[in-house]
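Trainee: Give me a model of this one.
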Amino acid sequence: MDILQIVIVIGVLMLIAKPLGDYLYHVFSNEPNLTDRVFRWVEKPIFALIGVKQRTGMSWKRYAFSFIAINIVLVAISYAVLRLQSGLPLNPSDIGNMEPTLVMNTIISFITNTNLQHYSGETGLTYFSQMAVIMMMMFASAATGFSVAVAFVRGITSKGKSLGNFFEDFVKAHTRIFLPLSTIITLVLVALQVPQTLDLTLTITTLQGSTQQIAIGPVASLESIKHLGTNGGGFFGVNSAHPFENPNPLTNVIEILSMWALPASLPFMYGRFAKSRKQGWVIFSAMMILFLVFLTVAYTAEKNGNPALNDLGIDASQGSMEGKEVRFGMAQSVLFTAVTTAATTGTVNNMHDTLTPLGGLVPLAEMMLNVVFGGKGVGLMNMLMYAILAVFICGLMVGRTPEFLGRKIEPREMKLIAVAILAHPFIILAPTAAAFLIDLGKGSISNSGFHGITQVLYEYTSSAANNGSGFEGLADNTPFWNISTGLVMFFGRYISMIAMLAVVGSLVRKQWVPETIGTFRTDNALFTFLLIGTVILIGALTFLPVVVLGPIAEHLTIR
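Mentor: Below you'll find the predicted structure:
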């Protein structure tokens, strides 16, 4: 039954990913199509208001400056709201202002599409802050990532020198993708009993006769964009394990598909831009094979349970259910875990800290690689970066000039790719080491064994991958953790995005090279496995030592 549930969800994803990829191509191809007639009436006054009428193409530098500038403006507005939220409207619970370092962490977290939360949503934010800051940045950060990915795809697949116009892409991502889809998902979730209200907290009488206040609010609307935008921040502290956010197995499946569908469709959009659907299938197949391997490891580990408990004669027929919701069971808990870190969403329906060591290794490894579907556009860009790297390595091995989609890969591009590849492990491993060297870091660790290493490693990996899920167990709402993870989230988002735009900016200036019989093919099964091998090789070289010290060592000790 467990396997059947997983197969059905994956099957539904396969049915919707390709048509959705075709739709995304029509949205961003800038060629006349049906979506223009449906949405142009909404977009025309927006473009007039922001002064973008001609929507001329941009260089990579101008494109990067545009998305950074709009992010800075949104950060300034959001910072002011969170610091003054106690005096703003829609505050029925009289919630106070946020502490400055927590505000900094929260603002960086949500503008970078990470949504790491060092606060509990129902007690840390007012209704106004949830909607005007959190939900607003969920839309904006997702649209930003989508836009940059589309610009990258345009650059490597077209013969022109323009990456498109950021403001046009940004607006279209809102009007044609996130707003309509989130509206539909919100209505479905409301129909399935997810709250959507501005009323005060519920007052109930318990079985013992005392009164209790239960937090409610505009939950359904936040849930929809949190999953569609691969954001992950929860309205409540326990995120999608809360019965108001995720009441039953059907809503669980809807949330899984919501956060998985758009990242899974991007390879097919890329195939349409490349004028070769096989190119899209190669990228999608590599992502799906890696995902299925990780999912199998996680399910097997959790189904086998904890050997230490099994040795005590405790019934392990259901596997390790510690930290999991009974209403979801083993299959939907493990699948949710694998998808939320593969798609770098960060929403959780179970406690990752209670996963078995190998089960906990899976979400950690998916975030370290950051190419297994990935979030809004970042996963596709990272996988294409590895594809260029694979072509370069294979070209050196056979003595050919490396070419990818009609453009030569030369030292400048490889240097920029090296920056993007090396920055990711550096901003994870360096802060992890620092946390164990100073008292400010060590004092927050709740487990002194190998599990404690994993707790710290997971926190920084989640921050660098812009995932936001927590292994928990850390007392992380301190100035040290707020500032350090804030910096990691910032660098994890912007270094890689700017480096990849610089790569494509270098490629678009090159002369198009026609394909010949000697061109290394990147649209077949052989290249799929070469691509997977490149990802695994780089990942093992950078992260295997620290993984051995954490989850693998813990697994061996309980064995």
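Trainee: Can you check which helix is longest in the chain?
Mentor: Determined from DSSP state H, the single longest helix within the chain is helix 479-508.
Trainee: Distance from the chain centre to it, please.
Mentor: Remark: helix 479-508 is offset 14 Å from the chain centroid, using CA atoms, centre = their mean, to the nearest Å.
Trainee: Show me what that helix is packed against.
Mentor: Applying 3 or more CB pairs under 8 Å, 6 or more residues apart in numbering; DSSP states H and E, one finds that helix 479-508 contacts helix 60-83, helix 100-111, helix 136-157, helix 378-398, helix 411-437, helix 439-442, helix 450-464. Any C-beta I mention is one placed from the backbone N, CA and C, and that applies to glycine too.
Trainee: can you pull the buried residues of the longest one?
Mentor: Looking back up the chat, that one is helix 411-437. Across helix 411-437, burial judged by 16 or more other CB atoms under 10 Å covers 413-414, 416-417, 419-421, 423-425, 427-429, 431-432, 435.
Trainee: Kindly report the same for stretch 185-193.
Mentor: Applying 16+ other CB under 10 Å to stretch 185-193 flags 185-186, 188-190 as buried.
Trainee: Put together CSV for those residues, with distance to Asn33 and secondary structure on each row.
Mentor: Formatted as CSV, the buried residues of stretch 185-193 follow (distance: CB to CB, whole Å; DSSP: H, G, I helix; E, B strand; the rest coil):
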residue, distance to Asn33, secondary structure
Ile185, 24, helix
Thr186, 26, helix
Val188, 27, helix
Leu189, 30, helix
Val190, 31, helix
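Trainee: returning to that earlier point: would you mind saying which of the helices and strands packed on helix 479-508 lies nearest Leu179?
Mentor: Closest approach to Leu179 among these (CB to CB): helix 136-157, 7.6 Å.
Trainee: And the contacts of the next helix or strand after the closest one?
Mentor: Later in the chain than helix 136-157, the nearest helix or strand by DSSP states H and E is helix 166-172. Contact with helix 166-172 is made by 27-28, 30, 39, 43, 46-47, 50, 52, 55, 58, 62-63, 66-67, 70, 143-144, 146-147, 150-151, as judged by CB atoms under 8 Å, 6 or more residues apart in numbering.
Trainee: Could I have the buried ones of the residues you listed as ChimeraX selection syntax?
Mentor: Only the buried entries of the contacts of helix 166-172 go into this ChimeraX selection, using 16+ other CB under 10 Å:
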select :27,28,30,39,43,47,52,58,63,66,67,70,143,144,146,147,150,151
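Trainee: Now do the contacts for Ile498.
Mentor: Ile498 neighbours (CB under 8 Å, 6+ apart): Ala64.
Trainee: and what of Leu163?
Mentor: Leu163 is in contact with 57-60, 63, 151-152, 154-155, 501, 504-505, 508, counting by CB under 8 Å, 6+ apart.
Trainee: State the number of residues packed around the residue lying closest to Val398 once chain neighbours are set aside.
Mentor: In this structure, Val398 finds its nearest non-sequential neighbour in Phe520, 7.6 Å apart by CB to CB, 6 or more residues apart in numbering. Burial of Phe520 is recorded as 19 neighbouring residues (other CB atoms under 10 Å).
Trainee: Checking my notes, Phe520 in a strand, right?
Mentor: No. Read with DSSP: H, G, I helix; E, B strand; the rest coil, Phe520 is coil and lies in no strand.
Trainee: hang on, it packs against Arg400?
Mentor: Yes. If you go by CB atoms under 8 Å, Phe520 and Arg400 touch, sitting 6.4 Å apart.
Trainee: Which residues does stretch 481-488 contact?
Mentor: Residues from elsewhere that reach stretch 481-488 (CB under 8 Å, 6+ apart): 101-102, 104-105, 108-109, 116, 118, 427-428, 431, 434-435, 441, 444, 459-460, 463-464, 474-476.
Trainee: picking up where we left off before, narrow the contacts of Leu163 to those that are buried.
Mentor: Counted by 16+ other CB under 10 Å, those give 57-58, 60, 63, 151-152, 154-155, 501, 504-505, 508 as buried.
Trainee: Quick check: of those, which lies closest to Leu257?
Mentor: Phe152 (25.3 Å).
Trainee: Let me know how buried the closest residue to Phe392 other than its chain neighbours is, in neighbour terms.
Mentor: Spatial nearest neighbour of Phe392, chain neighbours left out: Pro402 (4.4 Å); criterion: CB to CB, 6+ apart. Look at Pro402: counted by other CB under 10 Å, it has 21 neighbours.
Trainee: What pLDDT does the model give Asp315?
Mentor: pLDDT for Asp315: 65.
Trainee: shaky segments in the protein?
Mentor: 315-317 (pLDDT under 70).
Trainee: Roughly how far does the residue nearest the centre of it sit from Thr485?
Mentor: Centroid check for the chain by CA atoms, centre = their mean gives Thr344 as the closest residue, at 2.4 Å. Distance of Thr344 to Thr485, given as CB to CB, to the nearest Å: 15 Å.
Trainee: Then Phe236?
Mentor: 21 Å.
Trainee: Kindly report the same for Lys324.
Mentor: On the measure of CB to CB, Lys324 and Thr485 end up 26 Å apart.
Trainee: And Thr341, by the same measure?
Mentor: Taken as CB to CB, the span from Thr341 to Thr485 is 17 Å.
Trainee: Who has more neighbours out of those two?
Mentor: The residue with more neighbours, out of Thr341 and Thr485, is Thr341; 32 against 26, by other CB under 10 Å.
Trainee: residues in contact with that one?
Mentor: Contacts of Thr341 (CB under 8 Å, 6+ apart): 362-364, 366-367, 467, 469.
Trainee: Now rank those residues by neighbours and give me the top one.
Mentor: Asn467 (32 neighbours).
Trainee: what's Ile552 in contact with, if anything?
Mentor: Counting by CB under 8 Å, 6+ apart, Ile552 touches 357, 361.
Trainee: let me fix that: Met351
Mentor: Here Met351 is in contact with 241, 322-324, 472 (CB under 8 Å, 6+ apart).
Trainee: again, only this time at 7 Å
Mentor: By CB atoms under 7 Å, 6 or more residues apart in numbering, the contact set of Met351 is 323, 472.
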